[in-house]
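A.B. asks: Any chance you could fold what I've pasted below:
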Amino acid sequence: SKAAPEAAELLDTEHHHKTIQRDQVIEALPRVIYLLESFDETVVRDAVCSYFLAEEAVKHVSSVLTGDGADEIFGGYEGLRDVPASERPTVMWRLASGLHNTVLQRVDRMTAAHGLEARVPYLDRQVLALAFSIPDWMKSGANGETKWILRHAYAGELPSRLLRRKRVDTATGSGVGPLLRDFAEREVSDAEFHKER
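C.D. replies: Numbering: from 1, shown residues only. Predicted coordinates for the structure are as follows:
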């Protein structure tokens, strides 16, 4: 909530903020799952965020650009550090290749639910070809910094405090992830979960 308006001001873009309440999230959950046609925990919690983001965005624009795919092709996940350097390109390619079953369905279905068009420029074929031609050390960075080359590319546009922020997924940063976890723990017993799984 602090970094987004600061980045918008520096980039001279219009910023909109929307606060959602716990009851709104819980009320929207069945609709999100219905639209998503999935109950995968990670996809659902991110879909709830995308649902509300799309609902707000369509009030101001007819299409949006998303950052989806950047972590997969530019080494944005901390866990990639634990993967041997020789195997990272294969792991990153596998991550990017599977997006159509998870992230892209979430983006497409949540934006379509509100009549909003979403585009994913990081997954453009030319960007993918470029990303996979870049040496791994330029993604992880010599100091282990994630998405090093992407951060470096924007060094003249954004201050270091924004560029060097630790990655926080949308569901965690928005509070939706912890809220849904608490809700599920209260509403679904372990026995019921294992039986229905």
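A.B. asks: Pass me the low-pLDDT residue ranges in the chain, would you?
C.D. replies: Where the chain drops to pLDDT under 70, the residues are 141-142.
A.B. asks: quick check: longest helix of it.
C.D. replies: helix 41-57 (DSSP state H).
A.B. asks: what's downstream of that helix, the next helix or strand?
C.D. replies: On the C-terminal side of helix 41-57, the nearest following helix or strand under DSSP states H and E is strand 63-65.
A.B. asks: So which elements touch that following strand?
C.D. replies: If contacts are counted by 3 or more CB pairs under 8 Å, 6 or more residues apart in numbering; DSSP states H and E, strand 63-65 sits against strand 117-119. Every residue, glycine included, has its C-beta placed from N, CA and C.
A.B. asks: picking that back up, residues contacting the longest helix of the chain, please?
C.D. replies: 16, 18, 20, 24-25, 28-29, 31-33, 35-36, 38, 64, 102-103, 105-107, 109-111, 113-114, 116, 118, 169-171, 174, 176-177, 180 (CB atoms under 8 Å, 6 or more residues apart in numbering).
A.B. asks: Going through those, which ones are buried?
C.D. replies: The neighbour count (16 or more other CB atoms under 10 Å) marks 20, 25, 28-29, 32-33, 35-36, 38, 64, 102-103, 105-107, 109-111, 113-114, 116, 118, 171, 174, 176-177, 180 as buried among these.
A.B. asks: in this structure, which spans are helices?
C.D. replies: Under the criterion DSSP H, the chain contains helices at 3-11, 22-36, 41-57, 70-74, 88-97, 103-112, 125-131, 137-140, 148-153, 160-163, 170-174, 176-187, 190-196.
A.B. asks: Dump the third one to PDB, restricted to CA.
C.D. replies: The C-alpha trace of helix 41-57 is given here as PDB (Å, rounded to 0.1, in the frame of the first residue of the first chain):
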ATOM      1  CA  GLU A  41      -5.100 -23.300  -2.900                       C
ATOM      2  CA  THR A  42      -2.500 -21.000  -4.400                       C
ATOM      3  CA  VAL A  43      -4.500 -20.300  -7.600                       C
ATOM      4  CA  VAL A  44      -7.700 -19.600  -5.600                       C
ATOM      5  CA  ARG A  45      -6.100 -17.100  -3.200                       C
ATOM      6  CA  ASP A  46      -4.400 -15.200  -6.000                       C
ATOM      7  CA  ALA A  47      -7.600 -15.400  -8.000                       C
ATOM      8  CA  VAL A  48      -9.500 -13.600  -5.200                       C
ATOM      9  CA  CYS A  49      -7.000 -10.800  -5.500                       C
ATOM     10  CA  SER A  50      -7.300 -10.700  -9.300                       C
ATOM     11  CA  TYR A  51     -11.100 -10.700  -9.000                       C
ATOM     12  CA  PHE A  52     -11.100  -7.600  -6.900                       C
ATOM     13  CA  LEU A  53      -8.300  -5.900  -8.900                       C
ATOM     14  CA  ALA A  54     -10.200  -6.500 -12.100                       C
ATOM     15  CA  GLU A  55     -13.400  -5.200 -10.600                       C
ATOM     16  CA  GLU A  56     -11.700  -1.900  -9.700                       C
ATOM     17  CA  ALA A  57      -9.600  -1.600 -12.900                       C
END
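A.B. asks: That concludes my questions; thank you for your assistance.
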